[in-house]
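A.B. asks: sequence? don't have it. structure:
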Ligand code: NAD
């Protein structure tokens, strides 16, 4: 049994915590360890450490910061299998998926290695005679990152490489369900040469989050999680004067037009619907089939869904378990609700049996889903795909635009004009065209619209650099040396 504690000032704390939480291996259903829950005192301590470290780190040269990030990139690359194993052991996703998330995180580190270029300001000479104006961007101070269970390595990596590169100090509060990956990442940052206190990790629950939200010395909050908590974090963080970006839940639609390649669309539906057991904020969960292709499309998805092997993510399965028993039962209760509300179960994940006490639920496919059903209205966050049949593109677009969430969406078609209209008209932050999970690259920014994001800044890309810095504009006039300065031999002004 392992015990996970906070990472403060470059090492693991040895204090005995007053409260702890259990960590499970979702593939065995057994408790594999426990994690310390921070109290107010621990949060005050970590903020003091971060504030002190900021005074040095903000003056570290751009060269030093990038050298550390380059070294960190190499170390993560060397240790990515180890990080992936920690993720699979606590989250349950299959190893290839876990490796994929580390790779996506690394792309943000690579982006942050370009910080000398990204932080360059503007300069205008002679805005008035002898007067120049220039802009600079400066770090905020100690910043906090609060992350969800579904990407224990990648989501913190969306933020901290850029925050550190910009000269901030960082406190991560990861999900209490899978806290190990970030601890190895903290060790690697230290090994890469990051000074102690610049990057800290505190574990815990609402108590730790509230203390971070209320602490006057925390300058910004980057939150990723479910919509009710994202809204809470946004409202309370901004109330106490902080800059907040709070990414919330999703219900991503995939529209399939009648001219689409249905095999491509079915493959995409399987990967995006059941990859990581549907526990992805970019998972497709609603397939909008524009008639007359629904029957054919459903048949193709069904055929593929029945071949998915659900099982232990370390043993070659296609799809792992759900993260906890509570979550598994919640997803199963949505399947029951869908059935009761009149949707047709085409593939029933409840029938999939896997040996052992893991939190298993196989892939489920619904047909005849209507827009007023709970399985359509709410985020399920599990391996459940719902097909909604519509008669036209306009009806499909209306569904997407009227939904409360607007994280990602995709359209499958061979008609460039239809795709172009969709990208223009759809009210969603990230759009895929014949691509199921339109996850932007690190140098673009990541974020949804509507109830999928609270705040103005998306994650990483140039939004990230702006979020983690404050702009300053300097207007300067240096008197000509002839006006009392040292005589450099310039001609006299008359
Ligand atoms: P969650 O909201 O339960 O937890 C997220 C974080 O908030 C965790 O660190 C948790 O400890 C903390 N938290 C939980 N309850 C809290 C409370 N009452 N007060 C204060 N803090 C609290 O989310 P989760 O279940 O860990 O993650 C899944 C959710 O995250 C899904 O809704 C998914 O769509 C969303 N998500 C969104 C994105 C995105 O980019 N929009 C990315 C990944 C995940």
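C.D. replies: Perfect, thanks for sending it. The shown structure was predicted, so the numbers you read here are calculated from the model rather than taken from an experiment. Numbering: from 1, shown residues only.

A.B. asks: Do I have it right that residue 311 meets residue 356?
C.D. replies: No - assessed by C-beta atoms under 8 Å, residue 311 is found out of contact with residue 356, at 9.2 Å. Backbone N, C-alpha and C define where each C-beta goes, glycine included.

A.B. asks: Tell me which of those two has more neighbours.
C.D. replies: residue 311 (22 against 12; other C-beta atoms under 10 Å).

A.B. asks: show me where the stretch 151-300 of the chain has strands.
C.D. replies: 169-173, 199-201, 220-224, 243-247, 252-256, 284-290 (DSSP state E, counting those that start in this stretch).

A.B. asks: who in the stretch 51-200 of the chain is up against the ligand?
C.D. replies: 146-151, 155, 173, 175-176 (C-beta under 6 Å from any ligand atom).

A.B. asks: Now the stretch 51-200 of the chain against the ligand: closest residue?
C.D. replies: residue 148 (3.0 Å; C-beta to the nearest ligand atom).

A.B. asks: Next one: that residue from residue 112, what distance?
C.D. replies: Applying C-beta to C-beta, to the nearest Å, the value for residue 148 to residue 112 is 21 Å.

A.B. asks: Which one of those two is surrounded by more residues?
C.D. replies: residue 112 (28 against 23).

A.B. asks: So that one sits against residue 159, correct?
C.D. replies: No - in this structure residue 112 lies outside contact range of residue 159 using C-beta under 8 Å: 10.0 Å.

A.B. asks: got a list of what the most centrally placed residue in the chain touches?
C.D. replies: Nearest to the mean C-alpha position of the chain, by C-alpha atoms, centre = their mean, lies residue 155 at 3.9 Å. Listed by C-beta atoms under 8 Å, 6 or more residues apart in numbering, the contact set of residue 155 reads 147-148, 224.

A.B. asks: now residue 131
C.D. replies: With C-beta under 8 Å, 6+ apart, residue 131 has these contacts: 475-477.

A.B. asks: Tell me the bridge partners for residue 253.
C.D. replies: Counting by DSSP bridges, residue 253 is bridged to residue 286, residue 409.

A.B. asks: and it, how far is that from residue 411?
C.D. replies: Separation of residue 253 from residue 411 (C-beta to C-beta) stands at 9 Å.

A.B. asks: residues shared between the contacts of the two?
C.D. replies: Common neighbours of residue 253 and residue 411 are not found (criterion: C-beta under 8 Å, 6+ apart).

A.B. asks: re earlier: list residues touching both of residue 311 and residue 356?
C.D. replies: Counting by C-beta under 8 Å, 6+ apart, the contacts common to residue 311 and residue 356 are residue 27.

A.B. asks: before we move on, the earlier item: which stretch among the strands of the stretch 151-300 of the chain comes nearest residue 125?
C.D. replies: strand 243-247 (31.7 Å; C-beta to C-beta).

A.B. asks: ok, that closest one: who's next to it in the sheet?
C.D. replies: Using DSSP bridges, the strands paired with strand 243-247 are strand 220-224 (parallel), strand 453-454 (antiparallel).

A.B. asks: near the ligand, which residues of the stretch 301-450 of the chain show up?
C.D. replies: Counting by C-beta under 6 Å from any ligand atom, the residues of the stretch 301-450 of the chain near the ligand are 379, 381, 407, 448.

A.B. asks: Using CSV, lay out those together with secondary structure.
C.D. replies: Converted to CSV, those look like this (DSSP: H, G, I helix; E, B strand; the rest coil):
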residue, secondary structure
379, coil
381, coil
407, coil
448, coil
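
A.B. asks: just how off-centre is stretch 225-233 within its chain?
C.D. replies: Relative to its chain's centre, stretch 225-233 lies at 13 Å (C-alpha atoms, centre = their mean, to the nearest Å).

A.B. asks: measure stretch 351-368 end to end?
C.D. replies: 20 Å (C-alpha to C-alpha, to the nearest Å).

A.B. asks: what's stretch 326-335 in contact with?
C.D. replies: 278, 321-322, 345, 348-350, 359-361, 364, 374-375, 378, 380-384.
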